[in-house]
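A.B. asks: Pasting the sequence and the predicted coordinates here, then a few questions.
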Amino acid sequence: MTNSSLRVGFIGAGQMALAMARGFVDRGGIAPQSILASDPYPEALQRFEQSIPGCNTTDDNQAVIDESDVVILAVKPQMMHEAAESISDIPSGCLLISIAAGITLPKLTELFPTTRIVRVMPNTPCLVGMAACGYSATSDIAPEDIERTQQLLESTGVALQVPEKLLDAVTGLSGSGPAFIYMLIEAMSDAGVRQGLPRNIATQLAAQTVKGAAEMVLATGEHPGALKDKVTSPGGTTIAGVHVLEKAGFRGAMIDAISAAAARSRELGLD
Ligand SMILES: NC(=O)C1=CN([C@@H]2O[C@H](COP(=O)(O)OP(=O)(O)OC[C@H]3O[C@@H](n4cnc5c(N)ncnc54)[C@H](O)[C@@H]3O)[C@@H](O)[C@H]2O)C=CC1
Ligand SMILES: O=C(O)[C@@H]1CCC=N1
């Protein structure tokens, strides 16, 4: 089945469903008409329809399962039990992909009457084709289901298969990570404004600096520390700033933040 004939469903039409659907349509060759999203809230469905013109929506979760080849479970982890209760049957042709933080594969197979389940942790940059996704599947999943998942996720960015025990770490790092980077960009922009730059220029410079630095790490394969050293001239400006960040515990704060997010993911899985 080519992507153009693939029917993709979303249970939960919130932020993440929107970002993924947009990515699939813009870069994955999925036709908007092949997308069906369900949500109990008409406003959520309205926003989804406005963002993906031509798509279909419903308040019936079972209809999404019945009419899709791949269904993304995009409800909050706390709502997964309720969503599962609304589904009585899963046809053998349907592949389920859960993107809920923390909900484990054993839990998912307990909640949903199928073994064709993949647990994915995407992130919102899939909206612009720059996602960083980790995923893991049940041990008896067919290779074609892995291929299908990989292909779909890759259309939105990078997709890496990892052992399930590492998915909470992926959640803390790349799932939640964009929020930490937006905070960094906002802070850098504030600093620019404090130094007299107009806000629009400061934000553009901050975001492009983050994007450029990330691209340098990915494109050169060099250690981030080595790249940092190349910016840091002896007795220069950068080391003066690096000193301040080290004194403020910048690295420790980032490690603590990602660890806290990963711990919260594990906690959500216990509910
Ligand atoms: N927002 C993000 O950056 C990321 C979110 N995720 C995961 O994606 C999932 C969705 O998160 P968001 O999109 O941020 O949340 P959201 O709150 O924007 O969307 C969830 C949607 O599910 C709907 N919903 C609630 N109960 C439902 C039910 N029984 N049946 C169908 N729909 C129902 C809600 O009305 C809402 O529109 C969560 O499990 C989260 O862990 C994963 C990676 C990144
Ligand atoms: O904050 C959350 O719980 C979700 C999961 C990863 C990113 N956002």
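C.D. replies: That came through fine. Ligands and ions are numbered 1, 2, ... in the order given.
A.B. asks: biggest strand in the protein by residues?
C.D. replies: With secondary structure taken from DSSP state E, the chain has its longest strand at strand 131-137.
A.B. asks: Quickly run through the sheet partners of that one, with directions.
C.D. replies: Sheet pairing here is set by DSSP bridges, and for strand 131-137 it gives strand 117-121 (antiparallel), strand 157-161 (parallel).
A.B. asks: Could you check how many residues crowd around whichever residue of the stretch 51-200 of the chain sits closest to ligand 2?
C.D. replies: Nearest residue of the stretch 51-200 of the chain to ligand 2, counting by CB to the nearest ligand atom: Gly175, 3.4 Å away. For every residue, glycine as well, the C-beta is placed using N, CA and C. Neighbourhood size, Gly175 [other CB atoms under 10 Å]: 27.
A.B. asks: Okay, it and Gln15: tell me how far apart.
C.D. replies: Distance, Gly175 to Gln15, by CB to CB, to the nearest Å: 13 Å.
A.B. asks: and the one residue in the stretch 1-150 of the chain that gets nearest to ligand 1, what does it touch?
C.D. replies: The minimum distance from the stretch 1-150 of the chain to ligand 1, using CB to the nearest ligand atom, falls at Gly14 (1.7 Å). Residues in contact with Gly14 (CB atoms under 8 Å, 6 or more residues apart in numbering) are Asp39, Ala44, Ala74, Val75.
A.B. asks: again, only using 10 Å
C.D. replies: Contacts for Gly14 were tallied using CB atoms under 10 Å, 6 or more residues apart in numbering; they are Ala37, Asp39, Tyr41, Ala44, Arg47, Phe48, Ala74, Val75, Lys76.
A.B. asks: Assess the claim that the fourth one and Ile11 are in contact.
C.D. replies: No: using CB atoms under 10 Å, Ala44 and Ile11 do not qualify as a contacting pair, with a distance of 11.6 Å.
A.B. asks: which one of the two has more residues nearby?
C.D. replies: A direct count of neighbours by other CB under 10 Å for Ala44 and Ile11 places Ile11 higher, at 27 against 20.
A.B. asks: Now do Gln15: how many residues are near it, please.
C.D. replies: By other CB under 10 Å, 13 other residues sit near Gln15.
A.B. asks: Within range of ligand 2, give me the residues from the chain.
C.D. replies: Within the chain, the positions adjacent to ligand 2 are Ala101, Thr171, Gly175, Ser176 by CB under 6 Å from any ligand atom.
A.B. asks: restrict these to those near ligand 1?
C.D. replies: Checking those against ligand 1 by CB under 6 Å from any ligand atom, the ones in range are Ala101, Gly175.
A.B. asks: Specify the beta-bridge partners of Ser38.
C.D. replies: Beta-bridge partners of Ser38, counted by DSSP bridges, are Ile11, Thr58.
A.B. asks: Show me where the stretch 1-150 of the chain has its helices.
C.D. replies: Counting by DSSP state H, counting those that start in this stretch, one finds helices in the stretch 1-150 of the chain at the ranges 15-27, 42-51, 61-66, 80-85, 105-111, 143-154.
A.B. asks: So, low pLDDT: which residues of the stretch 1-150 of the chain?
C.D. replies: 1-2 (pLDDT under 70).
A.B. asks: wait, what's in contact with Lys228?
C.D. replies: Lys228 neighbours (CB under 10 Å, 6+ apart): Ala213, Glu222, Thr238, Val242.
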